[in-house]
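Trainee: how does the following fold in three dimensions:
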Amino acid sequence: MKVGIDLSPLQGPHRMRGVGSVIINFLNNIPESQKQKHEFVFFMNSHKENDKTLKLLDLSNLNYELRDKPMMKSSTIHGSFKGFRILTKLINKSSSLLRFRLGNKGYDYSDLDFYLHTDQLEIMPRMPRVKKIMIAYDIIPYLLEWDYLWSYKTARHMGFEFKDSVIAQLNRHTYIKKLKINIKKTYRVIAISKQTADDFIKFVKVPEDKVSVIHLGINPPDKSKEPEVPTKRYFSTSWGYFSKLSSFDTSTPFILFIGGTDARRKLDDLVTAFNLLRAQGHKLKLVLSGDILQGPDNLPVKTTREALLNSSYAKDIIYLGFTTEPVKAWLYEHALAFIYPSKYEGFGLPVLEAMSYGTPVICYDTGAIREIAENMPYYSNDAKSMEQSVEKLLNMDIDAINKLHKNYISHSKKFTWAKTSEQILKMMKN
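Mentor: Numbers count the residues shown, from 1 in each chain. This is a model prediction of the structure:
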């Protein structure tokens, strides 16, 4: 069986995001017993055999070849007709949808049996007679309308002018329409959780018999590497926040957040919970890790910025920015708790990742998290309940902590990338 996969997401910013992670871990964890049963064709932008992208992949014993991905010319109109901004947007959106319908042509595909489409919002290749399988992650921007893609009614309610409200509705319509177009071209859809499957069936109108749920996996902690204590953090100066080398105080317990800072991650609730704990006399620090977590000033959500800037305990809020895997391992192993106050998730990978280290998890009971984590985490619904969960951990004896630690690690082992890879390949036999 010959399978085509687009590796171009690994050549850009998607490399560090969900799509890139799925591509890398799917390919790097194909069981040895399956490697000789399949051939892979990797499509890349102007590929070269020594392309550094390939260094992200374990290609040992894998039967593969590289082919160029055809470049697609943009038909976007830049600027706008005088006085007709809506018309310009409408033309561009219509052109975008037309490209989705027609597909990206020019691929060398005649010998492929399957094509794995890893980016649900990317134009699907024009490959007649090739069975296409698409991975569906979530439709969070559509579901959480107030935080992302406003409808015309919501935009007007928020004080937008008529033209801007029409454009907002156009963006919302285009988002869901692109998904529907791609779905019609697929042979099968892989949903990363039942929650995601249900959302695609309800809102994208995917036939139930076309969707299969295959959970993602996690990489187990690499015990061959020594965890690395954080040595870099961001400090406030009169010129803003800048990083510098600094020793990490290991004597003070800390609660940990690792992840993105978009609106569905209620970091303002986390800060409020931290403030309540400190006000009650608990000596704690709050550690924040993520690409953009380099201080509060550049965070996109106003309520999060204000909560961090106005905290009475701002000096004990530590910003680490991006952290390497060894540093992340140290954080998980030493944190009192990993707190993940997300309003909605398509899967909830950070929760499982924390559990693999035995780290106590406190999170909101939303999205797919209960589906994958079951009753293991301490579920909360606001800052007060988060604070109460941390207090429970602070008052827990060592035997109870050890039992929690073992249960978390045992549960996390159910989710492996090898299992995910094998299930995806098995689907291609049907």
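
Trainee: quick one: low-confidence parts of this structure?
Mentor: Scanning the chain for pLDDT under 70 picks out the ranges 47-51, 73-84, 430.

Trainee: ok, longest helix in it?
Mentor: Across the chain, the longest stretch assigned as helix under DSSP state H is helix 162-185.

Trainee: what sits up against the very next helix or strand once past that helix?
Mentor: The C-terminal neighbour of helix 162-185 among helices and strands, as given by DSSP states H and E, is strand 188-191. Contacts to strand 188-191, defined as CB atoms under 8 Å, 6 or more residues apart in numbering, come from residues 131, 133-136, 183, 197, 200, 206, 210-214, 424, 427. For every residue, glycine as well, the C-beta is placed using N, CA and C.

Trainee: run through the neighbouring helices and strands of the longest helix of the chain.
Mentor: For helix 162-185, the elements it packs on are helix 85-102, strand 131-136, helix 140-143, helix 152-157, helix 194-203, judged by 3 or more CB pairs under 8 Å, 6 or more residues apart in numbering; DSSP states H and E.

Trainee: could you check how far the longest one is from the centre of its chain?
Mentor: This points to helix 85-102. Here helix 85-102 shows a centroid-to-chain-centroid distance of 27 Å under the convention CA atoms, centre = their mean, to the nearest Å.

Trainee: now it: buried residues?
Mentor: Residues of helix 85-102 classed as buried by neighbour count (16 or more other CB atoms under 10 Å): 86, 88, 89, 91, 92, 93, 96, 97, 99, 100.

Trainee: so which of the residues you listed comes closest to residue 300?
Mentor: Using CB to CB, residue 89 comes nearest to residue 300 of the buried residues of helix 85-102, at 22.6 Å.

Trainee: pretty sure the closest one contacts residue 168?
Mentor: No. Judged on CB atoms under 8 Å, residue 89 makes no contact with residue 168 at a distance of 10.3 Å.

Trainee: is residue 300 located within a helix, as I assumed?
Mentor: No. If the criterion is DSSP: H, G, I helix; E, B strand; the rest coil, then residue 300 is coil and not within a helix.

Trainee: now do the same end-to-end measure for stretch 250-266.
Mentor: One end of stretch 250-266 sits 27 Å from the other (CA to CA, to the nearest Å).

Trainee: give the buried residues for stretch 144-160.
Mentor: By neighbour count on 16+ other CB under 10 Å, the buried set for stretch 144-160 is 148, 149, 150, 151, 152, 154, 155, 156, 160.

Trainee: and the two most separated of those residues?
Mentor: Greatest spacing in the buried residues of stretch 144-160, by CB to CB: 148 and 156 (16.9 Å).

Trainee: related to what we said a few turns ago, the inter-axis angle of the longest helix of the chain versus helix 85-102?
Mentor: Inter-element angle recorded for helix 162-185 and helix 85-102: 0 degrees (by axes from the mean of the first three to the mean of the last three CA atoms, to 10 degrees).

Trainee: ok, residues contacting helix 162-185?
Mentor: Contacts to helix 162-185, defined as CB under 8 Å, 6+ apart, come from residues 85-86, 89-90, 93, 96-97, 100-101, 103, 117, 120-121, 124, 132, 134, 139, 141-142, 145, 149-152, 154-156, 160, 189, 200, 203-206, 210.

Trainee: okay, the nearest residue to residue 416 once chain neighbours are set aside and residue 264: tell me how far apart.
Mentor: The shortest distance from residue 416 to any non-neighbouring residue, by CB to CB, 6 or more residues apart in numbering, is to residue 217 (4.6 Å). Going from residue 217 to residue 264 by CB to CB, to the nearest Å gives 23 Å.

Trainee: go on, residue 66?
Mentor: Distance, residue 66 to residue 264, by CB to CB: 38 Å.

Trainee: look at the two and report which has more neighbours.
Mentor: Between residue 66 and residue 264, residue 264 has the larger neighbour count (other CB atoms under 10 Å), namely 21 against 16.

Trainee: got a list of what the closest residue to that one other than its chain neighbours touches?
Mentor: Excluding its sequence neighbours, the residue lying closest to residue 264 (CB to CB, 6+ apart) is residue 343, at 4.4 Å. Neighbouring residues of residue 343 by CB under 8 Å, 6+ apart: 144, 264, 265, 266, 364, 366, 367.

Trainee: kindly report the same for residue 345.
Mentor: Each residue near residue 345 by CB under 8 Å, 6+ apart is listed here: 138, 195, 366, 367, 368, 369.
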